[in-house]
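Participant: Test case, fold it:
(one chain, ligands or ions: 1)
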Amino acid sequence: MEQLNARKPKYIFITGGVVSSLGKGIASASLGLLLERRGYRVNFLKFDPYINVDPGTMNPYQHGEVYVTDDGAETDLDLGHYERFTRLTMGRENNFTTGRIYFDVITRERKGAYLGGTVQIVPHITNEIKQVILDRGKDVDIVLCEIGGTVGDIESLPFLETIRQFPREVGKENVAYVHLTLVPYVRASCELKTKPTQHSVHKLREIGISPNVIVCRAEEPLPDDVRQKIALFCNVDPEAVISAPDVPSIYEVPIEFHRQKLDKLLLRYFRLKTPRADMADWIRLVQKARKIRKTVAIGVVGKYVDLQDSYKSLIEALQHAGVHNGVKVRIRWLDSEEIEASENPVPLFKGLGGILVPGGFGSRGIEGKMRAIQYARERKVPFLGICLGMQLAVIEFARNVMGLAGATSREFEENPTHAVIDLLPGQSNQKETGGSMRLGIFDVDLLGGSRVVSLYGRNRVQERHRHRYEFNAQYQKEMESRGLLVSGTYSDRKLVETVELNDHPFFLASQFHPEFKSRPVLPHPLFIGFVEAAHLHDGKMSEKTLGKDVLR
Ligand code: GLN
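Facilitator: Coordinates of the predicted model:
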């Protein structure tokens with residue numbers, strides 16, 4: 001019997017095999033989008049098999065961006081994909097690491113909750129994981145649960161063991177397994193190779209999991225004979241072998257899955273109705289993006305420029321605003337230490353329509369970032385500063401406009417002459433690093449007549465934060481008298497949230513992180529304004545001047 005609202009929640013488990021970084025997060029997000037657009041209530045859950053309690057303390061080089069949610073959780077960047085592809089808001093309960101699961105179990109053990117029993121991976125850890133999954137199923141029709149890591153890793157075993165047991169808990173008809181693999185192309189023999197996929201499925205079956213669907217990442221679409229072969233060897237229907245070729249934009253993945261009826265297949269499996277997926281706006285967006293010919297170069301000054309996963313949401317937010325403005329944003333990554341070391345950095349900025357200084361921690365490369373800000377301010381190049389980017393814009397202004405040579409942030413110097421960026425009173429005795437920042441959503445009040453208020457079209461907004469240091473209010477009056485306008489504040493505690501310059505085509509910086517709230521169908525107003533200004537500024541330049549260092 002078919003039904004629209006699932007009486008019992010359905011669970012789709014997404015695992016990955018062969019290699020990491022195949023885009024499991026994007027595959028999960030795409031599937032979530034399709035199910036949501038068919039009218040189902042979905043939820044996501046991401047398990048990360050490492051011991052850190054959350055990724056907040058991890059180096060972005062190793063882990064990529066830390067994605068901050070409304071409720072102030074520091075989470076895996078896949079939650080960013082989930083939010084960008086759907087209408088959902090993620091939070092603390094949508095991301096669990098091995099560390100967090102163990103932490104909760106051990107905390108309970110210390111309180112005597114296990115009544116003297118031996119606490120073990122099976123059943124205590126697996127039961128804990130099981131409960132987390134069951135909790136996500138409350139009030140939704142379908143839970144998409146992504147298991148981080150690659151099948152075969154020691155780390156992910158407790159999670160895999162749990163999802164193996166899971167059908168016993170909720171009934172096998174309510175559980176589906178989707179396995180994402182790589183089908184490499186071997187140039188020497190001009191062949192697509194299915195063996196790694198076969199091995200990875202065998203590995204899963206050894207644990208007791210038989211995938212219902214296999215999604216195959218490959219450079220090209222899978223030819224039919226390859227599809228048949230995988231179906232035969234991995235014991236799935238040929239229609240359940242989904243081809244996931246490289247596409248020009250990640251936002252095309254849902255369309256590709258929809259074309260191959262992945263969503264329909266799973267709904268049929270669950271005996272759920274298959275109302276039409278409402279994809280009109282998404283398709284319009286992807287088509288608009290495909291037609292864009294004009295480009296604008298934006299310089300992003302950072303420390304982790306080699307690893308672009310560290311700036312995932314930022315890159316996406318720029319692209320969203322680009323599509324909105326009918327222009328392709330090409331990011332030129334500028335290494336702050338290279339700017340710092342160079343005698344004359346001006347050539348590094350040549351041809352840029354705008355300069356963006358994103359968030360960051362620590363003193364490495366800050367002088368280089370400030371040189372970029374000074375350049376943007378003096379040469380009237382559109383500038384957007386985010387978090388550390390705002391703090392550095394304030395320091396640069398204090399030093400070079402107000403003549404406060406010793407101006408800096410307490411983050412970089414213990415006893416500075418002018419701590420224009422400082423800790424709040426009461427903040428200085430903080431001992432733990434993890435989860436000790438100003439995190440999550442706070443109200444921001446915007447000043448009438450300012451640039452921010454006109455961009456948002458509202459005088460109060462909610463934005464996400466992740467920082468420890470604040471604009472020092474003692475300097476506000478003097479800064480304003482010299483032209484740096486405080487245009488946004490967190491009124492409860494009089495904290496500065498945005499600053500801007502009037503005598504400049506676009507010079508705006510925020511203490512919050514607008515990039516976390518940008519979605520392709522709802523680009524963020526600050527990015528829209530910045531990219532528009534950059535495009536205008538860039539009007540005179542041609543593609544040729546962009547050079548080889550343009551990455552996207
Ligand atoms: N390091 C700065 C602070 O802690 C800025 C943080 C950020 O850019 N996310 O306040």
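
Participant: Name the next helix or strand downstream of the helix or strand bottoming out on mean pLDDT in the chain, please.
Facilitator: The element with the least model confidence among the helices and strands of the chain, by mean pLDDT, DSSP states H and E, is helix 60-63, at a mean of 74. Scanning forward in sequence from helix 60-63 by DSSP states H and E, the next helix or strand is strand 67-68.

Participant: how about the residues of the stretch 251-400 of the chain near the ligand?
Facilitator: Contacts of the stretch 251-400 of the chain with the ligand, taken as Cβ under 6 Å from any ligand atom, map to 359, 360, 361, 387, 388. From N, CA and C alone the C-beta is placed, and that goes for glycine too.

Participant: So which of those belong to helices?
Facilitator: With helices taken from DSSP state H, the overlap with those comprises residue 388.

Participant: is it possible to export the residues of the stretch 251-400 of the chain next to the ligand to a markdown table including pLDDT?
Facilitator: Shown next, in a markdown table, are these (pLDDT from 0 to 100):
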| residue | pLDDT |
| --- | --- |
| 359 | 94 |
| 360 | 92 |
| 361 | 92 |
| 387 | 97 |
| 388 | 97 |
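
Participant: Between which two of the residues of the stretch 251-400 of the chain next to the ligand is the distance greatest?
Facilitator: Across those, the longest distance by Cβ to Cβ is 9.5 Å; it joins 361 and 387.

Participant: So which of these two has more stuff around it?
Facilitator: Legend: neighbour count by other Cβ atoms under 10 Å for residue 361 and residue 387, higher for residue 387 (23 against 16).

Participant: residues near the residue lying closest to that one once chain neighbours are set aside, how many?
Facilitator: In space, not counting the residues next to it along the chain, residue 387 is nearest to residue 359; the distance is 3.6 Å by Cβ to Cβ, 6 or more residues apart in numbering. Number of residues near residue 359 (other Cβ under 10 Å) recorded here: 24.

Participant: What of the one 4 residues further on?
Facilitator: Residue crowding around residue 363 was assessed by other Cβ under 10 Å; the count is 12.

Participant: Check the spacing between it and residue 58 real quick.
Facilitator: In this view, residue 363 and residue 58 are 20 Å apart by Cβ to Cβ, to the nearest Å.

Participant: ok, now residue 146?
Facilitator: In this structure, residue 146 and residue 58 are 18 Å apart, going by Cβ to Cβ.

Participant: ditto for residue 14
Facilitator: Distance of residue 14 to residue 58, given as Cβ to Cβ: 22 Å.

Participant: can you check residue 515 too?
Facilitator: Taking Cβ to Cβ as the measure, residue 515 falls 19 Å from residue 58.

Participant: So for these two, which sits in the more crowded spot?
Facilitator: Using other Cβ under 10 Å, the more surrounded residue of residue 515 and residue 58 is residue 515, with 29 against 16.

Participant: Please tell me I have it right and the more buried one contacts residue 523.
Facilitator: No: contact criterion Cβ atoms under 8 Å: residue 515 and residue 523 do not qualify, at 10.7 Å.

Participant: Now list whatever residues contact both of the two.
Facilitator: By Cβ atoms under 8 Å, 6 or more residues apart in numbering, residue 515 and residue 523 have these common neighbours: residue 317.

Participant: okay, the residue lying closest to residue 260 once chain neighbours are set aside: pLDDT?
Facilitator: Across the structure, with Cβ to Cβ, 6+ apart as the measure, the residue nearest residue 260 apart from its sequence neighbours is residue 242 (5.2 Å). At residue 242, the pLDDT value in this model is 96.

Participant: would residue 242 count as being in a strand?
Facilitator: Yes: note on residue 242: a strand contains this position according to DSSP: H, G, I helix; E, B strand; the rest coil.

Participant: what about it, how many neighbours?
Facilitator: Applying other Cβ under 10 Å, we find 23 residues neighbouring residue 242.

Participant: Pull the contacting residues for it.
Facilitator: Shown in contact with residue 242 (Cβ under 8 Å, 6+ apart): 213, 214, 215, 216, 257, 260, 262.

Participant: Recalculate using a threshold of 7 Å.
Facilitator: For residue 242, the contacting residues are 213, 215, 216, 257, 260, 262, taking Cβ atoms under 7 Å, 6 or more residues apart in numbering as the criterion.

Participant: among those, which are in helices?
Facilitator: For the contacts of residue 242, membership in helices holds for 257, 262, with DSSP H as the criterion.

Participant: Could you pull out the helices in the stretch 151-300 of the chain for me?
Facilitator: With DSSP state H, counting those that start in this stretch as the definition, the stretch 151-300 of the chain shows helices at residue ranges 157-170, 195-207, 224-234, 253-259, 262-269, 280-291.

Participant: how about a markdown table for those, with mean neighbour count and mean pLDDT added?
Facilitator: Rendered in a markdown table, the data for those read as follows (neighbours: other Cβ atoms under 10 Å; pLDDT from 0 to 100):
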| stretch | mean neighbour count | mean pLDDT |
| --- | --- | --- |
| helix 157-170 | 19 | 96 |
| helix 195-207 | 17 | 95 |
| helix 224-234 | 17 | 95 |
| helix 253-259 | 19 | 97 |
| helix 262-269 | 20 | 97 |
| helix 280-291 | 14 | 96 |
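
Participant: Could you dump the ones you listed into JSON lines with distance to residue 483 added?
Facilitator: Below are the helices of the stretch 151-300 of the chain laid out as JSON lines (distance: least, Cβ to Cβ, whole Å):
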{"stretch": "helix 157-170", "distance to residue 483": "55"}
{"stretch": "helix 195-207", "distance to residue 483": "60"}
{"stretch": "helix 224-234", "distance to residue 483": "63"}
{"stretch": "helix 253-259", "distance to residue 483": "46"}
{"stretch": "helix 262-269", "distance to residue 483": "54"}
{"stretch": "helix 280-291", "distance to residue 483": "38"}
